[in-house]
Each structure stands twice: as structure tokens, then as C-alpha cells.
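Asks: Mind folding the following:
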Amino acid sequence: MELAGRKRLRQRLNRTDTIEFAPDFFVVGAAKAGTTAVYQWLRSHPAAFLPIVKEPSYFAYPDISPVPSNGPYDPKYVSEISRDNKSYARLYNGAGQRRTGDISPVYLLDEHAAERIAAARPSARIIIILRDPVERAFSQFMHHVRDGLETSQTFEEALDAEPQRLFEGWSWGHGYATHGHYAAQIERYMAVFPKEQILFLEYQMLQAKPEDCWWRICEHLGLKQQILLKNERVNTTANLPIVSSRPKLTRRFRHPGAVQVVLKKVMPASFRARLRRILEGSGRPVPVLRPETKGSLANRYQGERSRLEELSGLSLAHWIT
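Replies: Numbering: from 1, shown residues only. Got it, this is the predicted structure:
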């Protein structure tokens, strides 16, 4: 990228603080596409350094609060977001000569994150992981159901409410169907980074051939290939027996406030578990992805598939049709 172009990007950062630190590489998403597994893989590499905060999300929040203006959200995720460069840089204290990285799926969705990253670190290596947008949407929905962050009883109700929710300022995670339109997201990165600095992977590849994906990641980041020690599948919503019928209570249990923290110190764990089961009730059946909903969403994305294959070089024929 030409020097003048870099200066223009810096002028568009729209930040009051000066970016003095940016890591060497970024895994920018997509959400629910295997970024947790890649985080664990890279954390195990002796020549790579990732902070204990899995999703610092610094380049997505310039001078704005990360707290959604409406709807339920995960306060722990929000509290760990770095909002200034000094606190962001402190996450990487102790990295030494290791290659530093940031794994924040919100970067793929944010309209300006690619520009901010390119301005701060033009040489950064980027990894983008794609997942069938229908499966990704439902997986995100189930993640929220599990954590008490979804108020709708069914996936269809949540999809119907989605446009109004996003308009009202609910969290980006509630954009189940909206955020499956990957082409525009990818194009933002390809506009500011040379293609050779971007590695594309696909979720099913991570599942079926983790060692191959790991080799490609190491090669792309300039890391010596190591034996993949952590190749387990990471999917904590696939085998839920039931889900909560009282999401507000579940949310309070999963994201405790000051009162719950105190109670945790004085109540035995066994008693808290029994109390939680009583308060949450017997639960309700796990929501399912209905065939008609699956087909409707697949049709929504069908027209983008060839463009995605052209941009990424991936074969996506196995995605839901």
C-alpha cells in the first residue's frame, strides 16, 4: 500500500489516542466459525503470543462504548474490551520476541476495523474463517439461548425480530442472518491488504482436517510447524439436553453481579447448584433448525456463493443449498 494511502487511513481512524502498538497478526472471524479452536492452537505454539483475553476487540471500538444500547449482552465480554492503546498494549506484556496476535471476530463485522488495522500495522497477517452462514446463524442463536441472552423462544421469532433489534442497538451478536453476508466483509479487508497477507479457511476444514489447517496457519504466520496438540472440536451448544425456560434468570446466573459474587463466597457450590435448578425450572426442549427456515436462509445467501469462492479461493459447494 502506498505511503499516501496509509496516511489517509490514519486520518480516518477517528480516535483520540495514538496507536503505538498493534500485533503481528489478526484472526478476524467469522464468529462461531472455529476461532476458539484456533485461539487454543496458537496459544500452544511457543513462538506465538496471544493475550489471556481471547477477544480484545480494540480496533472495533473507537471512542464509543462497547455496551449495546438495548437488549441483553455479555458483561464479561464487554468488560474485557480494550478501549485505549495503552491498555491494549499491556495485554501483550511478556510477549518478548514471539509473534503477537489478536483473535476478535467482531473485526470482520465492523465497517472500519480493517482500515484501522491496516493503518496501524500494514504488514499484518490476516486470517478469515468462513462457515456456512445458515449453520453459523443458528449456532450463534443457540449460543445466546444457552447463556440466557436470547429472549425469543424460537429461531424463527429471533429472525423476525432481528432487523428491529439491530436498529434499536442490540449487540452485534444478535445479527444472526445479517452477519452471514460475508462478501462485503471480506472486500473491506482486500481493499486495504494485499491478497497474500490474507489466509482463508473454512469451518468444515477445521473440523475434518485440523492438522492441514494448522500447517497452513503456521506457514501463513511464519511460525515453525509444531505438532497440533489441541485438535478437539470446540462446540459447546451442539449437544445441549435442554435449554432454560427462564432466560432472564439464566443470564443472571451466567453473568453475575455484585450480589451473586458475595453469595458465591458464602454459599456452598452444591447448594447454589440446587437453588439454580429450582429457580430456572425444568427447562424446555432445545430449539431446532426447521427445514423450511434452513431453506429460506440458504436461498438468501445463494447468490453470494460464487463471489465468495472467487474472493477466498475456497470451494463452498458443500454449504447448505
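Asks: which secondary element of the protein has the worst mean pLDDT?
Replies: Least confident element among the helices and strands of the chain, by mean pLDDT, DSSP states H and E: helix 3-11 (a mean of 47).
Asks: Flag every buried residue along stretch 186-203.
Replies: Residues 186, 188-190, 192-193, 197-203 are the ones in stretch 186-203 that count as buried (16 or more other Cβ atoms under 10 Å). C-beta: built from backbone N, CA, C; applies to glycine.
Asks: Same check on stretch 85-101?
Replies: For stretch 85-101, the neighbour count (16+ other Cβ under 10 Å) marks 85, 88-89, 91-92, 95, 98-101 as buried.
Asks: So which of those residues are in helices?
Replies: Using DSSP state H, 85, 88-89 are the members of the buried residues of stretch 85-101 that sit in helices.
Asks: coming back round to it: make CSV from the buried residues of stretch 186-203 and add secondary structure, distance to V286 and pLDDT to it.
Replies: Converted to CSV, these look like this (DSSP: H, G, I helix; E, B strand; the rest coil; distance: Cβ to Cβ, whole Å; pLDDT from 0 to 100):
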residue, secondary structure, distance to V286, pLDDT
I186, helix, 32, 98
R188, helix, 35, 98
Y189, helix, 35, 98
M190, helix, 38, 98
V192, coil, 41, 98
F193, coil, 40, 98
Q197, helix, 41, 98
I198, strand, 36, 98
L199, strand, 34, 98
F200, strand, 32, 98
L201, strand, 29, 98
E202, strand, 26, 98
Y203, helix, 21, 96
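Asks: Which member of the residues you listed is positioned nearest E150?
Replies: Lowest distance from E150 to the buried residues of stretch 186-203 (Cβ to Cβ) belongs to Y203, with 21.6 Å.
Asks: gap between the closest one and A30?
Replies: Distance, Y203 to A30, using Cβ to Cβ, to the nearest Å: 8 Å.
Asks: Adding pLDDT, write the ones in helices among the buried residues of stretch 85-101 out as TSV.
Replies: Shown next, in TSV, are these (pLDDT from 0 to 100):
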residue	pLDDT
N85	92
Y88	95
A89	95
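Asks: so after the helix or strand hosting F26, what's the next helix or strand?
Replies: Using DSSP states H and E, F26 sits in strand 25-27. Next helix or strand after strand 25-27 toward the C-terminus (DSSP H and E): helix 35-43.
Asks: need the helices for the stretch 201-321 of the chain, in chain order.
Replies: 203-208, 210-221, 247-254, 258-266, 269-280, 291-302, 305-312 (DSSP state H, counting those that start in this stretch).
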